[in-house]
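Enquirer: next comes the sequence, and after it the predicted model I'd like to discuss.
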Amino acid sequence: MRALKALTVVAAALLVGGCWTLSIEPLYTEADLVSESGLVGVWGDTSGSSDETWTFLMTQEGRYRLITEEQDAPDGVFEACLMRLDNQLYLDLYPEEPETGNEMLVGHLIPAHSFWRIALEGHVLSLRMLDTDWLKKKIEQGEIDIAHIRRDDVIVLSASTSELQQFVTRHADEAFDDDPLVMQRRH
């Protein structure tokens with residue numbers, strides 16, 4: 001069942017198009033995980049343009065359950081792993097399997113990771129996802145050589161965790177969206 005939820009989320013991301021850069025491998029190793037008690041709670045969009053909330057529940061050291069809620073849409077449930085690379089915090093999101101669904105469909109979907117650079121300052125959480133347009137441009141110009149496949153307009157990274165960490169560390173200041181999702185603690 002966990003695979004069904006995860007796969008449904010990945011399938012939805014693929015259908016949306018070039019919004020996400022996904023990865024087969026995680027950005028973290030167990031040794032990289034860190035905990036931040038300030039992350040636990042319910043966060044909401046500060047722009048007022050969305051009713052979306054993100055709820056973080058700590059499950060283990062450095063691991064959280066993330067539930068994303070948006071009006072008129074099914075909840076997204078993820079394992080969120082928090083890590084630090086070169087003094088920057090990152091979240092690695094991995095979808096949980098859905099509780100119900102079509103077994104045939106689930107068997108054809110592959111869960112994947114997404115990476116977010118985050119800043120947590122008091123009651124404000126800023127999230128910057130890996131910038132797909134930037135990555136596509138750099139790959140096309142031959143400026144970045146990282147293992148990946150392309151499926152239509154979606155990039156799926158296939159590099160190892162070590163290679164992903166080197167990539168993120170090397171390009172931390174430019175590889176993540178300039179326009180962060182800014183959320184404020186609600187509870």
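Expert: Yep, it's here.
Enquirer: any idea how far Lys136 is from Pro180?
Expert: From Pro180 across to Lys136, the span is 20 Å (Cβ to Cβ, to the nearest Å). For every residue, glycine as well, the C-beta is placed using N, CA and C.
Enquirer: Leu27 contacts Leu82, correct?
Expert: No. Contact between Leu27 and Leu82 fails when scored by Cβ atoms under 8 Å: they sit 10.5 Å apart.
Enquirer: name the residues contacting each of the two.
Expert: Tyr90 (Cβ atoms under 8 Å, 6 or more residues apart in numbering).
Enquirer: where along the chain do the strands fall?
Expert: Using DSSP state E, the strands of the chain run over residues 21-23, 41-45, 53-60, 63-69, 76-85, 88-95, 114-121, 124-129, 148-151, 154-157, 181-185.
Enquirer: could these go into JSON lines alongside mean neighbour count?
Expert: JSON lines is the format used below for those (neighbours: other Cβ atoms under 10 Å):
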{"stretch": "strand 21-23", "mean neighbour count": "23"}
{"stretch": "strand 41-45", "mean neighbour count": "18"}
{"stretch": "strand 53-60", "mean neighbour count": "17"}
{"stretch": "strand 63-69", "mean neighbour count": "18"}
{"stretch": "strand 76-85", "mean neighbour count": "20"}
{"stretch": "strand 88-95", "mean neighbour count": "21"}
{"stretch": "strand 114-121", "mean neighbour count": "18"}
{"stretch": "strand 124-129", "mean neighbour count": "18"}
{"stretch": "strand 148-151", "mean neighbour count": "12"}
{"stretch": "strand 154-157", "mean neighbour count": "21"}
{"stretch": "strand 181-185", "mean neighbour count": "17"}
